[in-house]
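Chemist: test case, fold it:
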Amino acid sequence: MSFTILPNGTRLLHPTRDDPSRPSMIGRVVPLPSLLEFMETRRPMLHLREDCDPRRTKKAPVLHFGFGCSLQQLFRFSVDRGILDRDEYISLVDVKKYLEKVTNATLHIRHPISYEYDIMIARYSNYSMEHEQYEDEHERKVLQTIQRELKIEEQPALWYWNRNK
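Modeler: This next block holds a predicted model:
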C-alpha cells in the first residue's frame, strides 16, 4: 500500500489489488485516519464476541480462526520444508497442502485485517465452525502442530476479521 500527502497535510492511502477475484481497490482513495480507526475497531480477538456469532446475530461479520503469518515467515517455512515452486516463489496452495497433510485437517488461506500479518492459516470461520471444528483435544493438537511447523509456538490462535468483506 502507498499513500499520498496532500497540500493540506492529509495522508491518503492507495490500497493495492491483492485478490484478482475481488473488485479492484486500485484507484480508490481512503483517508489514512479513517483506515486506522477502522482497523482499530477490528483487532484480532482471543474469543468470538457474541455480536460476531452468526448463531446469535443475523448479520454477523465474517471472522476466521487461526494464525496470522507474514510472507517472510511463510517464505522461511517454504525453504525449510523444500516446498518452494520452480521459480522459488511461495506457493500458498503448497503451504496449505503441506500443513493439511501434517495436521490431517482442513485449513484455509485467508487475508486478515491486521497491522502485523499479510496472510493467515485459518482452521474455520465463524460461519463454518459448527461443521469444521474438531473436539477440544483433537483441535488443540491440530493448532499445536501448526504452531510447531511455522515456529510460532508462543503465538495464540485468534479470531481475525476478514479483509475481503
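Chemist: could you use CA atoms for every contact and neighbour count after this?
Modeler: Will do.
Chemist: so what's residue 125 closest to, chain neighbours aside?
Modeler: Spatially, and ignoring its direct neighbours in sequence, residue 125 is nearest to residue 64 (4.1 Å; CA to CA, 6 or more residues apart in numbering).
Chemist: wait, residue 68
Modeler: Distance criterion CA to CA, 6+ apart; nearest residue to residue 68, sequence neighbours excluded, is residue 120 at 4.2 Å.
Chemist: quick one: stretch 145-155 to chain centroid distance?
Modeler: Taking CA atoms, centre = their mean, to the nearest Å, the mean C-alpha location of stretch 145-155 is offset from the chain mean by 15 Å.
Chemist: how about that stretch, which residues are buried there?
Modeler: Neighbour counts over stretch 145-155 (16 or more other CA atoms under 10 Å) mark 145-147, 149-150 as buried.
Chemist: and this structure, what are its domain boundaries?
Modeler: 1-41, 44-161 (automatic domain parsing).
Chemist: where among those is average confidence lowest?
Modeler: Of all the domains of the chain, mean pLDDT reaches its minimum on domain 1-41 (a mean of 57).
Chemist: having no further points to raise, I will conclude here.
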